[in-house]
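Colleague: What follows is a predicted structure for the sequence shown.
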Amino acid sequence: MKDSSPDRKPRVRFAPSPTGHLHVGGARTALFNWLFARRHGGSFILRIEDSDLKRSDPALSRRILEELGWLGLDWDEGPSYQSERFARYRELAERLRDRGLAYREDSPGGGRALIYRVPEGEVEFRDLVYGPITVSTAEIKDIVLIKSDGAPAYNFACAVDDHDMKVDHVIRGDDHLPNTPKQILLWRALEWEPPSFAHLPLILGPDRAPLSKRHGAASVDAFRRDGFLPSGLRNYLALLGWSPGDDREVLATEELIAEFSLERVIKRAAIFDYRKLEWINSQHLRRLPPARQAELLGEYLKAEEGLERADRRLLTAVAEVMGERTRTLRDFSVKGGYFFRDDFEYDPEATARHWKGAATAELLSRLKTVFAGCERFTAEELEKALRSLVEEMGVKGGEVIHPLRVALTGMSVSPGIFETMTVLGRERVLARLDRALTRIKENGGSGEDATVPSQ
RNA sequence: GGCCCCAUCGUCUAGUGGUUAGGACACAGGCCUUUCAAGCCUGCAGCACGGGUUCGACUCCCGUUGGGGUCACCA
């Protein structure tokens, strides 16, 4: 019986190298570590692998920390930095050399490296995801411990740190599978008991190549800018390579934590599906009360767009009517930008389809009179008023509603027209009717732009 | 190329010897309807191939093909 449940509170870590934004692959690795720690009441530790002197950039480290924070993956210890522990690595490497397990080698470029001599034999271990794995050390070249510039090489620093931080479960991408035997060799040479390992399948792009920028958004930052919610991204990422075992797809983070187990991690690489992410996100968005949506929307619009009209009252009203029609926070401005700005453009196709010159001008001015006369500007009253005008004119509701929608939103698509009006309020509705009227007259009564795409 | 890993609808997945192979996204159609969504209903679509083992294979074994990873004084 395979059982990856730890008998004591596990200690796991996420160890990114500060070379760029937090990539979705890294985010997923961080998430699985975090879920595992939270599930078992353990510790999630953060370590910055900045041992490469040339590529280290403190600004990038901060960025990764910030993005991890946005994703909601809080850490219990750290971050620690490898760049601050060079003396420790050197000491341990020298100790191995004293014992005859490592040797020095001059570098053509100057300096001396310390290299571990790989013994003959086999390395066996049981990966918590992949099962038993055996590798002949004939396949492994001697392992560099300390590079000639004095910095520790990856495998050595990694083993030393994991030991010193008392990490007992190493959960990482399966691109590290080939490193594992090397690190186990190092742990044993240091006379330490190796931790458990669990390797996660990689995330691929639609072309089955490793997911990268050229596939579109590939970093946590990009998804944040696209208006995704941390909980939506967490949910989707959790489903990449793992499933709760039943048919649930939309899971709150508490459920993710309650259900997570390494045994249910799949071995096959998964292709990132942006559409499904959007759907998952829409489900999370929908589960949020309008007030909370408004709060997030306000922050988003402020950070990503330069919206002028964005008071809490308006935001909440927009959230109430747009909530079912959006999949991301960005959708609110893409599909409902007219709620936030009065100088919107009129969609040429919409005007061509629903505005019929003088007749529409006549219609809109009658509507203006009717709406101006409404006692209370509520959806019920507005509909009643419009319906009676429709009856009086002997036309179908749509013949009035469509031109009106274009006048109020510039688009042929919007939330229910009466709700839209109440969100905008009497003043803005009447002003927009005037603006539309002016626009129609400017166009010689045609109500259309000079060039109308014919279809 | 050596070594390692993987293989269920287009995609994410459930499945652990006997199932009409289930769900979700996407897609198509329908209902609803002032538009678009949402919601509900229906449909389309899969066990890569070839050998075994077995009374019986999606499930176990071998091979083929395909895909991925890795072979740095980068992490």
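Modeller: Nice, I can see it.

Colleague: mind listing the strands for chain A?
Modeller: Here chain A has its strands, by DSSP state E, at A:11-14, A:43-48, A:77-81, A:102-106, A:112-116, A:122-127, A:131-136, A:143-146, A:169-173, A:196-200, A:203-204, A:270-271.

Colleague: Looking at those strands, which is nearest to A:Asn155?
Modeller: Nearest to A:Asn155 among those is strand A:143-146 (5.8 Å), distances taken as CB to CB. In short, each C-beta sits where N, CA and C put it, glycine included.

Colleague: got a list of contacts for the closest one?
Modeller: Strand A:143-146 is contacted by residues A:89-90, A:93, A:96, A:102, A:113-116, A:118, A:152-153, A:155-156, A:182, A:185-186 when judged by CB atoms under 8 Å, 6 or more residues apart in numbering.

Colleague: Among the residues you listed, which ones lie close to RNA strand B?
Modeller: Within the set of those, contact with RNA strand B (CB under 7 Å from any atom of the strand) is found for A:Ala113, A:Ala153, A:Asn155.

Colleague: Let me see the contact set for the last one.
Modeller: Contacts were defined as CB under 8 Å, 6+ apart; by that measure A:Asn155 touches A:Ile143, A:Val144, A:Asn179, A:Lys182, A:Gln183, A:Leu186.

Colleague: Then the first one?
Modeller: By CB under 8 Å, 6+ apart, the contact set of A:Ala113 is A:Arg104, A:Glu105, A:Ser107, A:Val144, A:Leu145, A:Ile146, A:Lys147, A:Ser148.

Colleague: burial of the fifth one, as a residue count?
Modeller: If I follow you right, that is A:Leu145. Applying other CB atoms under 10 Å, we find 28 residues neighbouring A:Leu145.

Colleague: how close does it get to A:Ala157?
Modeller: To A:Ala157, A:Leu145 is 9 Å away according to CB to CB, to the nearest Å.

Colleague: Check the last one too.
Modeller: Taking CB to CB as the criterion, A:Ser148 is separated from A:Ala157 by 15 Å.

Colleague: Between these two, which is the more surrounded one?
Modeller: Using other CB under 10 Å, the more surrounded residue of A:Ser148 and A:Ala157 is A:Ala157, with 24 against 17.

Colleague: what residues does the stretch 201-350 of chain A put near RNA strand B?
Modeller: Residues of the stretch 201-350 of chain A lying near RNA strand B (CB under 7 Å from any atom of the strand): A:201-202, A:204, A:208-210, A:239-243, A:245, A:247, A:249, A:264, A:266-271, A:273, A:275-276, A:278-279, A:282-283, A:286, A:324-325.

Colleague: among those, which are in helices?
Modeller: Counting by DSSP state H, those place A:Arg275, A:Lys276, A:Glu278, A:Trp279, A:Ser282, A:Gln283, A:Arg286 in helices.

Colleague: out of these, who has the most neighbours?
Modeller: Counting by other CB under 10 Å, top hit in those: A:Ser282 with 20 neighbours.

Colleague: Which pLDDT value does the model give it?
Modeller: You'll see A:Ser282 listed with a pLDDT of 98.

Colleague: That one and A:Gly323 touch, don't they?
Modeller: No - counting by CB atoms under 8 Å, A:Gly323 is not a contact partner of A:Ser282; they are 9.5 Å apart.

Colleague: Per the annotation, how does chain A divide into domains?
Modeller: A:289-338, A:348-442 (automatic domain parsing).

Colleague: can you put these in JSON lines and add distance to A:Asn235, mean pLDDT and mean neighbour count?
Modeller: Converted to JSON lines, the domains of chain A look like this (distance: least, CB to CB, whole Å; pLDDT from 0 to 100; neighbours: other CB atoms under 10 Å):
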{"stretch": "domain A:289-338", "distance to A:Asn235": "13", "mean pLDDT": "92", "mean neighbour count": "18"}
{"stretch": "domain A:348-442", "distance to A:Asn235": "26", "mean pLDDT": "95", "mean neighbour count": "17"}
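
Colleague: Turn these into JSON lines, including distance to A:Leu68.
Modeller: Converted to JSON lines, the domains of chain A look like this (distance: least, CB to CB, whole Å):
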{"stretch": "domain A:289-338", "distance to A:Leu68": "18"}
{"stretch": "domain A:348-442", "distance to A:Leu68": "36"}
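
Colleague: mind checking how far A:Glu419 is from RNA strand B?
Modeller: 7 Å (CB to the nearest atom of the strand, to the nearest Å).

Colleague: Just list the residues touching A:Arg234, thanks.
Modeller: A:Leu31, A:Leu71, A:Gly72, A:Thr253, A:Leu256.

Colleague: 6 Å instead, please
Modeller: Listed by CB atoms under 6 Å, 6 or more residues apart in numbering, the contact set of A:Arg234 reads A:Thr253.

Colleague: I'd like to know how far it sits from RNA strand B.
Modeller: For A:Arg234, the distance to RNA strand B - CB to the nearest atom of the strand - is 14 Å.

Colleague: How confident was the prediction at that residue?
Modeller: pLDDT, read off for A:Arg234, is 98.

Colleague: Please apply the same query to A:Gln82.
Modeller: A:Gln82 is assigned a predicted lDDT (pLDDT) of 96.

Colleague: who touches it in this structure?
Modeller: Applying CB under 6 Å, 6+ apart, the residues contacting A:Gln82 are A:Glu49, A:Asp50, A:Ser51, A:Ala157.

Colleague: neighbours of A:Gly41, just the number please.
Modeller: 10.

Colleague: Alright, that wraps it up for me.
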